[in-house]
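Trainee: structure of the sequence below:
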Amino acid sequence: MEKMIAKGAEAELWLRDWNNLKVVVKTRKPKKYKHPLLDKQLRRSRTSREADIIHRAKMVGVPTPLIYLVDLENAVIIMEFIDGVKVRDLVEDLDEKERYVLFRKIGEYSGLLHREGIIHGDLTTSNIIKQEERVVFIDFGLSEISNEVEKRGVDLNLMKRMLTSTHYAYEDELLESFMRGYRSSMGSEAEEALERMAEVALRGRYIEKE
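Mentor: So this is what the prediction gives:
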C-alpha cells in the first residue's frame, strides 16, 4: 500500500506499509532551482530539527507521532500514522462539554510546548488529531526552538485565526477553553504570550484594512 496524503512546498507525505506497520513517510524533495549542496544541507538540517522537536515535545508530555527512522542523507522521516480525526473536522460533532474538555487539553499542550521553548509554527486544528482518548499534535515542519514572546504570540494567533475562520460558531467558547488550558500549563508567562497574541491579531486587522 502506498498513497500520497499531502504535498506541500517543502515536503511530501506518503502513507505506506513498513515492517508490518502503517506509517507516514515525510520526504523533503530536492529543489532544482537551488544550489545542490546548499539544498541538501538545508533539507538535512530541517529534517534533523523536526525530528528533534517532535522528540522534545513528547518528552514534556505532548503526544506526538512515534518516530521510527530518520534518514538525514535523503531528508526522510518515517513516523507513526495517527489513525484518528483532525480536530478541524470534529468540532461540529461535539457537545458543549466535549468541546470544552478538548480545547482545554489543546491549550494545556500548547502551553507545555511554549514552556519548553518549542514554537509549533502551524498551530491550527488541522494539525491536531483526536485519536480515541489521545489528542496528538502533528506536522512540526515549521517548528523552531525559541522563548521569544513575539513568536509565542504569533503561534497562538494562528490558533485564534483558525477559530475565527473555521469554527466561528463556537469561537468565543473554544478560545476561552484554550486559554484556560494554556494558562494552567504555561504558568506565570502565559499572560504575556496571550497579550501578544491579541496584539498580533490587531496588527493583522490593520494590515487587512490597508
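
Trainee: which residues in this protein form strands?
Mentor: Under the criterion DSSP state E, the chain contains strands at 2-7, 12-18, 21-27, 67-71, 76-80, 85-86, 118-119, 128-131, 134-137, 144-145.

Trainee: quick one: low-confidence parts of this protein?
Mentor: Residue ranges of the chain with pLDDT under 70: 204-210.

Trainee: what do you get if the cut-off is 90, keeping everything else the same?
Mentor: For the chain, applying pLDDT under 90 flags the ranges 1-2, 6-10, 29-37, 203-210.

Trainee: now do the helices in it.
Mentor: 36-59, 96-115, 149-166, 171-186, 190-209 (DSSP state H).

Trainee: kindly present these as CSV, with separate columns for mean neighbour count and distance to Leu72.
Mentor: The C-beta positions use only the backbone N, C-alpha and C, and glycine is treated the same way. Formatted as CSV, the helices of the chain follow (neighbours: other CB atoms under 10 Å; distance: least, CB to CB, whole Å):
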stretch, mean neighbour count, distance to Leu72
helix 36-59, 16, 5
helix 96-115, 20, 24
helix 149-166, 19, 26
helix 171-186, 19, 32
helix 190-209, 14, 33
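
Trainee: nearest to Met79, of the ones you listed?
Mentor: When the helices of the chain are compared by CB to CB, helix 36-59 sits nearest Met79, at 7.6 Å.

Trainee: CA atoms of that closest one as CSV?
Mentor: Output of helix 36-59 as CSV, limited to C-alpha atoms (Å, rounded to 0.1, in the frame of the first residue of the first chain):
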residue,chain,number,x,y,z
PRO,A,36,22.5,21.2,-4.9
LEU,A,37,24.9,21.3,-2.0
LEU,A,38,23.1,24.1,-0.2
ASP,A,39,19.7,22.5,-0.8
LYS,A,40,21.0,19.2,0.6
GLN,A,41,22.3,20.9,3.7
LEU,A,42,19.0,22.8,4.2
ARG,A,43,16.9,19.7,3.8
ARG,A,44,19.1,17.7,6.1
SER,A,45,19.1,20.4,8.9
ARG,A,46,15.3,20.9,8.7
THR,A,47,14.7,17.1,8.9
SER,A,48,17.0,16.8,11.9
ARG,A,49,15.4,19.8,13.6
GLU,A,50,11.9,18.5,13.1
ALA,A,51,12.7,15.0,14.4
ASP,A,52,14.4,16.6,17.4
ILE,A,53,11.5,18.9,18.2
ILE,A,54,9.0,16.0,17.9
HIS,A,55,11.1,14.1,20.4
ARG,A,56,11.3,17.1,22.8
ALA,A,57,7.6,17.7,22.7
LYS,A,58,7.0,14.0,23.6
MET,A,59,9.4,14.3,26.5
